[in-house]
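*Asks:* this is a predicted model, with the sequence first.
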Amino acid sequence: MSSDELIVVNKHLRKIAKRAMNPLGGVESKRALVDEYAAAHPSILEVNAEVTPVSFNKFQGEWVSTDTSDPDRRILYLHGGSWMAGRVEKYRPHIARIAAATGCVVLAIDYRLAPENPFPKGLEDCVTAYEWMHRNGPENSNAGNASFIMGDSAGGNLTLATLLVLKDRQIDMPDAAVALSPATDMSWSSPSIKTNAKSDVALNAKLMPMVSYGYLQKKVDPKTPYASPLFGDLEGLPPLLLQVGDTEILLDDAVGFVDKAQAVGVDATIEVYPDMPHVFQAFAPYLSDANTALDSIGCFIKQEREAIK
């Protein structure tokens with residue numbers, strides 16, 4: 001696909017990627033770049049949702065809902081940002097569109113970030129938020145009828161890692177999960193890390209070891225399953241939907257995870273979108289394929305909601 005909209009998005013992402021190579025400014029400059037990630041066109045930044053703040057012990061979050069959101073059907077959304085950046089406030093337009101597409105209320109959290117809070121602190125926040133969401137809704141303290149986890153990039157990694165933690169701790173699993181362009185192998189050994197190094201306009205393969213260092217800080221084996229879900233025991237996971245663009249260095253992280261999940265009987269689906277960049281869903285409604293992907297997510301969640309009635 002070579003639409004005018006995609007050209008604009010890719011140009012925007014190349015500028016951000018170039019600025020990410022600047023060694024000056026430290027972690028705060030990198031966080032500012034992530035805040036700008038989706039700002040390729042004014043329409044992308046529009047928010048049509050109701051927001052209700054939520055306070056946890058060590059982190060904050062918010063409920064995001066639309067006119068079609070059912071408070072008893074809930075999604076925990078985990079933002080991306082290389083485990084060191086990302087804010088719910090800047091993700092709000094994207095999260096509002098997730099709520100609209102799925103008919104659910106969405107709990108989005110500002111989990112603790114590296115390097116100040118290295119692995120597994122952010123992951124523990126995700127587990128805490130999921131357990132809380134399972135018992136509490138935006139209107140009152142009650143268990144919902146359906147619960148889901150969803151995230152993008154580093155948040156996709158945390159989504160899949162949270163599932164492994166819940167399984168190991170024998171905590172009730174969500175009814176399904178969605179991961180957008182997830183990083184599943186922090187040893188960065190999947191083939192597309194090299195083969196898509198030139199086609200990925202957003203992520204620089206050469207920077208991935210630095211990302212690992214910031215999050216794991218050489219204290220954890222990169223192939224530890226909670227850090228790299230690809231190396232976990234995937235048997236017994238709930239239905240999964242993974243979406244990724246075929247230009248991404250993380251393409252095979254997603255494909256490999258789904259292949260392994262399917263091999264142990266998990267109902268896992270992979271959707272690969274031609275020519276799409278990293279977390280392209282965040283560019284809705286401007287980018288047509290982003291709208292298609294959100295519609296697919298909505299159908300997947302609604303299908304799983306019907307299956308558990």
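*Replies:* Cool, the structure landed.
*Asks:* this structure: strands as residue ranges?
*Replies:* Assigned by DSSP state E, the chain shows strands spanning 50-55, 60-65, 70-78, 104-110, 146-152, 176-180, 240-245, 268-273.
*Asks:* export the ones you listed to CSV and tack on distance to R87?
*Replies:* Every residue, glycine included, has its C-beta placed from N, CA and C. Below are the strands of the chain laid out as CSV (distance: least, C-beta to C-beta, whole Å):
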stretch, distance to R87
strand 50-55, 13
strand 60-65, 10
strand 70-78, 13
strand 104-110, 6
strand 146-152, 14
strand 176-180, 17
strand 240-245, 22
strand 268-273, 26
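*Asks:* reformat the ones you listed as TSV; add mean neighbour count, distance to P222 and mean pLDDT.
*Replies:* Converted to TSV, these look like this (neighbours: other C-beta atoms under 10 Å; distance: least, C-beta to C-beta, whole Å; pLDDT from 0 to 100):
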stretch	mean neighbour count	distance to P222	mean pLDDT
strand 50-55	13	32	96
strand 60-65	22	28	98
strand 70-78	23	20	96
strand 104-110	27	25	98
strand 146-152	26	19	97
strand 176-180	27	19	98
strand 240-245	26	20	98
strand 268-273	18	23	98
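*Asks:* buried stuff in stretch 234-241?
*Replies:* L234, L237, P238, P239, L240, L241 (16 or more other C-beta atoms under 10 Å).
*Asks:* so the second one sits against L163, correct?
*Replies:* Yes - A contact is recorded between L237 and L163 when judged using C-beta atoms under 8 Å, the distance being 5.4 Å.
*Asks:* quick one: A183 from A96, how far?
*Replies:* Distance, A183 to A96, by C-beta to C-beta, to the nearest Å: 25 Å.
*Asks:* same check on N142?
*Replies:* 23 Å.
*Asks:* between the two, which one's more packed in?
*Replies:* Between N142 and A96, A96 has the larger neighbour count (other C-beta atoms under 10 Å), namely 22 against 11.
*Asks:* that one: what's it in contact with?
*Replies:* A96 is in contact with V47, N48, A49, V64, T66, counting by C-beta atoms under 8 Å, 6 or more residues apart in numbering.
*Asks:* with adjacent residues omitted, what lies nearest to the second one?
*Replies:* Same thing as N48. Nearest residue to N48, sequence neighbours excluded (C-beta to C-beta, 6 or more residues apart in numbering): A96, at 5.9 Å.
*Asks:* gap between that neighbour and L242?
*Replies:* From A96 to L242 the distance is 22 Å (C-beta to C-beta).
*Asks:* next one: R14
*Replies:* According to C-beta to C-beta, R14 stands 25 Å off from L242.
*Asks:* go on, S187?
*Replies:* Taking C-beta to C-beta, one finds S187 at 19 Å from L242.
*Asks:* what does F283 give?
*Replies:* The gap separating F283 from L242 is 18 Å, by C-beta to C-beta.
*Asks:* wait, S228 sits on T184?
*Replies:* Yes - under the criterion of C-beta under 8 Å, S228 makes contact with T184 at 6.3 Å.
*Asks:* what's the overlap in contacts for these two?
*Replies:* In contact with both S228 and T184: N157, using C-beta under 8 Å, 6+ apart.
*Asks:* quick one: low-confidence ranges for the stretch 1-150 of the chain?
*Replies:* 1-2 (pLDDT under 70).
*Asks:* which residues in it form helices?
*Replies:* Secondary structure of the stretch 1-150 of the chain (DSSP state H, counting those that start in this stretch): helices at 4-20, 26-35, 88-102, 121-135.
*Asks:* name the helices or strands packed onto the first one?
*Replies:* Helices and strands in packing contact with helix 4-20 are listed as helix 26-35; criterion 3 or more C-beta pairs under 8 Å, 6 or more residues apart in numbering; DSSP states H and E.
*Asks:* and the helix it packs on, what does it pack against?
*Replies:* Partner elements for helix 26-35 (3+ C-beta pairs under 8 Å, 6+ apart): helix 4-20.
*Asks:* so the helix it packs on versus helix 26-35, what angle?
*Replies:* Here helix 4-20 points in a direction 180 degrees away from that of helix 26-35 (axes from the mean of the first three to the mean of the last three C-alpha atoms, to 10 degrees).
*Asks:* hey, what's the residue nearest to Q262 when sequence neighbours are not counted bridged with?
*Replies:* The spatially closest residue to Q262, leaving aside those adjacent along the chain, is A268, at 5.2 Å (C-beta to C-beta, 6+ apart). Beta-bridge pairing for A268 (DSSP bridges): L240.
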